[in-house]
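Visitor: Need coordinates for the following:
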Amino acid sequence: MGALLGGLWPEAGLTLKFVGDLFIRFLMMIVMPLIIAAMVSGIARLGDISQLGSLGSRTLGYYIGTTALAVITGIVLVLWIQPGKAGLEHSKESITRSEAHDRIDGNTMPLDKRPVARFTQEKRSIGDVLKEVIGGLVPSNIFKAMANNEILPVITFSLLLGAALSMTGEAGRTAILFFNSLNEAMMKIIHLAMYVAPVGIGALIAGRLGEAGGFSGFWPELQQLGKYAATVIGGLAIHSLVTLPLLLKLFGKRSPSGYAIRTFPALLTAFSTASSTATLPLTIECAEEKNGISKRTAGFVLPLGATVNMDGTALYEAVAVIFIAQMNGIALGPPELLVVFLTATLAAVGAAGIPEAGLVTMVLVLKAVNLPVEGIALILAIDWFLDRCRTTVNVWGDSVGAGIIDRKVKG
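Guide: This next block holds a predicted model:
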């Protein structure tokens, strides 16, 4: 409906754009409390991290490792394919023909004069890059970092707080219960956001088409959107059909094809519901009854995975953020790409296992590299489908992890 409204009546689309802006502001509003609540409760849920033992340490190692591999796959693919580059070139041509100007941060500026990331203006060593990233992890004032939407230091603080509370025993139980309750409340708010998401997404699409002057002006960007979707799906395919099966074969000593067939009911449910949390009971059933995973391993690895292991979501966020940068003519180099890698990997921990929740955590990845949050308006048109694809990969990653870790724990 948003596409039809903005495409056929551009002025009406522009009029409704403010509704989409309100939706973006709503997402921005809940990012900080979501990060803190989700990460503190997620780490505290592990229990005393100093006593996790073999099962816990192997599980965390697998989840962090596979999420990092997924993000690297997404970054390499989007930099190679560059789905947003042609859209930028088309925009430049349009600007030249009409001698129009594009608005950036409230100021008019010719598109070919857009500023690029500051690191491109000076050469810096790898040591300088690492110092900047590591230094950005530790805030001098956590409240100031939250007020300024500085994501990485907030993540660092939340992880440390969750770990500390898990080791305080009875003294920290009240605080953990508070963060658990806050996390549940944030999940309810996200559910509410998903109820109004169709209206907000429709208004954003109508506004974007209105700005383009209707369907004719939007067609090139629509083509780029298809290229972006192909990049995301290609990255998910590589991770789910190559990386994870290879890990299962090498470390789990299991047949990937047979394991996948026996997990298929859970994968189909994940695609249908777009929710790894809703799929969890069936994921556990497939693991225990069809793939012979022990109840101890399945009962620990899979519920934790449904909360903190989001390979598909992390890959999608990395691709989407770099695509938005390409569409806006913003060059991302080593420091920014490193921040994207770290933020997307850590944001996967805070992504709720419910439909479209990746949209919320993608906001924090965009803010981490100072990209316009409004850039997600374009990709929202097809996010409903990509959400189902990445949720399926999330559940498949959890299931593969259960197979590998069960083998390692048993020796």
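
Visitor: mind listing the strands for the stretch 101-250 of the chain?
Guide: Under the criterion DSSP state E, counting those that start in this stretch, the stretch 101-250 of the chain contains strands at 102-104, 107-109.

Visitor: List the contacts of the residue nearest to residue 164 when sequence neighbours are not counted.
Guide: Of all residues not flanking residue 164 in the chain, residue 172 sits nearest, at 7.5 Å (C-beta to C-beta, 6 or more residues apart in numbering). Yep, even glycine has a C-beta here, placed from its N, CA and C like the rest. Contacts were defined as C-beta atoms under 8 Å, 6 or more residues apart in numbering; by that measure residue 172 touches 44, 164, 165, 166.

Visitor: Need the pLDDT of residue 172.
Guide: For residue 172, the model assigns a pLDDT of 83.

Visitor: Then residue 53?
Guide: 64.

Visitor: Likewise for residue 397?
Guide: Turning to residue 397, the model gives it a pLDDT of 93.

Visitor: can you tell me how far the residue nearest the centre of the chain sits from residue 200?
Guide: The residue lying closest to the centre of the chain (C-alpha atoms, centre = their mean) is residue 317, at 3.8 Å. If you measure residue 317 against residue 200 using C-beta to C-beta, to the nearest Å, the figure is 19 Å.

Visitor: Residue 329 too?
Guide: In terms of C-beta to C-beta, residue 329 sits 26 Å off from residue 200.

Visitor: what does residue 399 give?
Guide: Between residue 399 and residue 200 the computed distance is 33 Å (C-beta to C-beta).

Visitor: Looking at the two now, which is surrounded by more residues?
Guide: Summary of the neighbour comparison: residue 399 and residue 200, criterion other C-beta atoms under 10 Å, with residue 399 having more neighbours (29 against 22).

Visitor: Please look at that one and residue 287 and confirm they touch.
Guide: Yes: taking contact to mean C-beta atoms under 8 Å, the distance of 6.1 Å between residue 399 and residue 287 places them in contact.

Visitor: After the helix or strand hosting residue 312, heading C-terminal, what element do we hit next?
Guide: Secondary structure here is read from DSSP states H and E; on that basis residue 312 sits in helix 311-327. Elements were assigned by DSSP H and E; along the chain past helix 311-327, the next helix or strand is helix 334-350.

Visitor: Got phi/psi on residue 309?
Guide: Reported as degrees, to the nearest 10, the phi and psi values for residue 309 are phi -110, psi 100.
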